[in-house]
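Engineer: predicted model follows, preceded by the sequence.
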Amino acid sequence: MAGMFSIGEFSKMTGLTIKSLRFYHEQGVLTPCRVEVGSGYRYYSETQVDTARVIAQLRELGFSVADVREILSNHSDDADMVERLRLQRNAIKERIKKDRDIAGLLDQIIVHETEATRTMNQTSYAVEEKNVDPCLIASIRMQGAYRECGKGFAKIGRRMGRFIHGKPMLLHHDTEYKEDDADFEACMPVKKGESSDEIIVRELPGGRALSLMHLGPYEEIGRSYEKIMKHAKTQSLDYHVPTREIYHKGPGMIFKGNPKKYLTEIVFLISSGA
């Protein structure tokens, strides 16, 4: 047919795949000038070449198919759509920022899980004495069941997100186990930050400490407390509250994970007994 091109020929001329041309036809963005009854063969005119190239350019600029349809209906010159282009630029910048935030979050997960695996493979699971450095923390003091600490970690994460600089920890202010009225602090190490009505930013002191890695579910951590307390008694060491639990590996940000692989470090600051 004179002046008309098959979909294959039109594809070659415009750089759009046959699949794309069929899709744009279905979406009402670029309708062939002729479709044969029965065979369904599509034919395009030479005047549609420029339209096809405009569609390709708009798609490369990140416009959706619906946007392209609207633009083709209402604009015919770049100058007519400067404001539309400005809005698209701003939307893309916002997406880039969001993607950057997501990439940062992925980096956190990768680093956290890699360090946890390395620690798991290297630890002896024996009581060790070490020096603990002081660190800046953001904390929320709470009273209730230990399982409620997740709410505290979530609040700290939302407010201090980009300043968080270490693994979550729980400070236990009780000298005994309490089921529903425990006194504890959910904490996150931070690079910097300011206190608010609920979240306190302060320095957590360091010093000599006993450390023991607990591998397994939180429900079984009592046996590790027994082990570290027996060691302190045997060595005539006094330990101080608050004691600490540092969560090297727990429920992940994506999967809950296997509780048998949870890795919790128990830390007691100590001094020699009388």
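Structural biologist: Arrived safely.
Engineer: what does the strand or helix carrying G150 rub up against?
Structural biologist: Here G150 sits within helix 149-160, counting by DSSP states H and E. The contact list for helix 149-160, computed with Cβ atoms under 8 Å, 6 or more residues apart in numbering, reads 138-140, 142, 164, 168, 170, 184-188, 190, 193, 196, 198-199. The way it works is simple: take the backbone N, C-alpha and C, and place the C-beta from them, glycine included.
Engineer: buried members of the residues you listed into ChimeraX, please.
Structural biologist: Buried subset of the contacts of helix 149-160, written as a ChimeraX selection, criterion 16 or more other Cβ atoms under 10 Å:
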select :138,139,140,142,164,168,170,184,185,186,187,188,190,193,199
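Engineer: number of residues surrounding G40?
Structural biologist: 8 (other Cβ atoms under 10 Å).
Engineer: quick check: which element contains it?
Structural biologist: For G40, there is no host helix or strand (DSSP H and E).
Engineer: check the one 4 residues further on too.
Structural biologist: Taking DSSP H and E as the definition, one finds Y44 inside strand 42-45.
Engineer: may I have the strands that pair with that strand, each with its orientation?
Structural biologist: Applying DSSP bridges, strand 42-45 is found paired with strand 4-6 (antiparallel), strand 34-35 (antiparallel).
Engineer: looking at these, which is buried most?
Structural biologist: Across these, averaging neighbours per residue (mean count of other Cβ atoms under 10 Å) puts strand 4-6 on top, at a mean of 17.
Engineer: need the contact partners of it.
Structural biologist: Strand 4-6 has contacts (Cβ under 8 Å, 6+ apart) with M13, C33, R34, Y41, R42, Y43, Y44, S45, E46.
Engineer: against L21, how distant is the residue lying closest to the third one once chain neighbours are set aside?
Structural biologist: For R34, ignoring the flanking residues on the chain, the nearest one in space by Cβ to Cβ, 6 or more residues apart in numbering is Y43 at 4.2 Å. When distance is defined by Cβ to Cβ, to the nearest Å, Y43 is 11 Å away from L21.
Engineer: and the helix or strand bottoming out on mean pLDDT in the chain, how far from the chain's centre?
Structural biologist: Confidence across the helices and strands of the chain bottoms out at helix 82-122, with a mean of 87, counting by mean pLDDT, DSSP states H and E. Mean-position distance between helix 82-122 and its chain equals 7 Å (Cα atoms, centre = their mean, to the nearest Å).
Engineer: fine, thanks again, bye for now.
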